[in-house]
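Colleague: Following is a predicted model, sequence given first.
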Amino acid sequence: MSEISRAAALLRAGELVAFPTETVYGLGTDAANPQAIAKIFAAKGRPADHPLIVHLPDASHLERWAADIPEVAHRLAAAFWPGPLTLILKRRPSVSDAITGGQDTVGLRVPNHPLALQLLREFDGGVAAPSANRFGRISPTTAAHVREDLGDAVALVLDGGPCAVGIESTILDLSGAAPRILRPGMLDALAIGRVLGAVPAFGGTADAPRVSGSLEAHYAPRTPLQLAAATDLGAIAARALDAGQRVAVLAPHAPGIAHERLVWRVADIDPERFAHDLYARLRELDSLSCNLILVAAPPDDEAWRAVADRLRRAAAGSK
Ligand code: TXA
Ligand code: MG
């Protein structure tokens, strides 16, 4: 039996299978099996009222999960699927509360990774999959990250190499009066706006669905992480070194001081490459037993919005 067939058989049996997507690795299970879904929440240590994204083999599966699908959803799917876009749509009544967190909407996406697509086609159904990390920790972008985080909790990890995008999909809510981006991703508002005819607004409204990615403390290393203007990095690092601390710096340029307790990693000046490396870098810097991870604040620019969002949450979550 091929590894994909074995993975599909495990999904049918209600087991957990981790698989690569273009964004991050997902922890997948049969989205139509509530007992299987319960295993995801247990393995991740995730609160049960947080909804999961259902991954589909192609857009023809939309109708099985969503109701009252607006025409624009089909246009976005045609433009961006398979790809790093999750659509929030009104759910069909048959969709389990375990998936939706009891809300009347469901998150759907077709991931763009050959192994994910082979698995979804062979399974021929919806696969519920959060990022394959423990709740609140750094999302995995390699199979090794998944094994480190989840170990025996997962029956099989499909290894598809490092994820191409590196941070989670853009979440676009189409269930309300106007489209809204609930979580920024590398597919940006301008590209979505070209299909919609207007650039969508950011953030939920008061009655909007819950998004765990919207919690302040998220995607966090264990080492305190601080964002600072590039011009301040040297002074902040110097103070920490004077106090006897070990400091890791992630910045495009050297912080201006050399010290045996200071580690500098070069940050890419291209937002796509920065996103691609971000989570692996944070994991690496988190493993160095430093007292502080100092990160140069990214430019205030639309192309950096998703990266800036993850860094801000990593800083909030590490305190
Ligand atoms: O790139 C991704 O989206 C990755 C890969 C594996 O596909 N998945 C991912 O899943 O990031 P997760 O569970 O870590 O984050 C999904 C986010 C959560 O913040 C969840 O609250 C939100 O999607 N979400 C899911 N269904 C929703 C719904 N019906 N309404 C609002 N938010 C929803
Ligand atoms: Mg996640």
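Modeller: Sure, I can see it. Ligands and ions are numbered 1, 2, ... in the order given.

Colleague: For the stretch 1-150 of the chain, just list every one of the strands.
Modeller: 17-19, 26-30, 53-55, 85-90, 105-109, 127-128 (DSSP state E, counting those that start in this stretch).

Colleague: show me the contacts for the residue nearest to Ile37 when sequence neighbours are not counted.
Modeller: Counting by C-beta to C-beta, 6 or more residues apart in numbering, Ile37 lies nearest to Ala98, which is 4.3 Å off, once chain neighbours are set aside. Using the backbone N, CA and C atoms, a C-beta is placed for each residue, glycine as well. Residues near Ala98 by C-beta atoms under 8 Å, 6 or more residues apart in numbering: 34, 37-38, 48.

Colleague: what does Leu282 give?
Modeller: Applying C-beta under 8 Å, 6+ apart, the residues near Leu282 are 138, 219, 221, 225, 293, 314.

Colleague: re earlier: same list (the strands of the stretch 1-150 of the chain) but as TSV, adding distance to Pro299.
Modeller: Shown next, in TSV, are these (distance: least, C-beta to C-beta, whole Å):
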stretch	distance to Pro299
strand 17-19	33
strand 26-30	30
strand 53-55	29
strand 85-90	24
strand 105-109	28
strand 127-128	36
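
Colleague: one step back: against ligand 1, how distant is the residue nearest to Ile37?
Modeller: Look at Ala98 and ligand 1: by C-beta to the nearest ligand atom, to the nearest Å, they are 12 Å apart.

Colleague: Check Leu10 too.
Modeller: Counting by C-beta to the nearest ligand atom - Leu10 and ligand 1 are separated by 17 Å.

Colleague: Ala18 now?
Modeller: 9 Å.

Colleague: Pro114 too?
Modeller: Distance from Pro114 to ligand 1, by C-beta to the nearest ligand atom: 15 Å.

Colleague: That residue: neighbouring residues, count only.
Modeller: Number of residues near Pro114 (other C-beta atoms under 10 Å) recorded here: 11.

Colleague: excluding its backbone neighbours, what's nearest Ser96?
Modeller: Nearest to Ser96 is Pro34, by C-beta to C-beta, 6+ apart, at 5.1 Å.

Colleague: residues near that neighbour, how many?
Modeller: Pro34 has 13 nearby residues by other C-beta under 10 Å.

Colleague: Next one, pLDDT for it please.
Modeller: At Pro34, the model reports a pLDDT of 95.

Colleague: Up against ligand 1, what does this structure have?
Modeller: 21, 23-24, 26, 50-53, 86, 88, 100, 103, 105-107, 111, 129-131, 168-169, 171, 182, 209-213 (C-beta under 6 Å from any ligand atom).

Colleague: Can you flag which of those belong to helices?
Modeller: Using DSSP state H, the members of these that fall in helices are Thr100.

Colleague: List buried residues within the residues of the chain next to ligand 1.
Modeller: 21, 23-24, 26, 50-53, 86, 88, 100, 103, 105-107, 111, 129-131, 168-169, 171, 182, 209-213 (16 or more other C-beta atoms under 10 Å).

Colleague: residues contacting the residue nearest the centre of the chain?
Modeller: Taking C-alpha atoms, centre = their mean, the centroid of the chain lies closest to Glu168, which sits 2.7 Å from it. Residues in contact with Glu168 (C-beta under 8 Å, 6+ apart) are 23-24, 84, 131, 139, 183, 185, 213.

Colleague: distance of Ile236 from ligand 1?
Modeller: 31 Å.

Colleague: what helix or strand is that residue on?
Modeller: helix 233-242 (DSSP states H and E).

Colleague: Name the residues that touch that helix?
Modeller: 226, 228, 247, 249, 251, 255-257, 259, 261-262, 291-292, 294, 296.

Colleague: circling back: tell me the confidence at the residue nearest to the centre of the chain?
Modeller: At Glu168, pLDDT is 97.

Colleague: Could you do Ala208 as well?
Modeller: 51.

Colleague: right, and the helix or strand after the helix or strand hosting Ala191?
Modeller: Assigned by DSSP H and E, Ala191 belongs to helix 189-196. Downstream of helix 189-196, the next assigned helix or strand under DSSP H and E is strand 201-202.

Colleague: and that following strand, which strands flank it?
Modeller: According to DSSP bridges, strand 201-202 forms sheet pairs with strand 180-183 (parallel).
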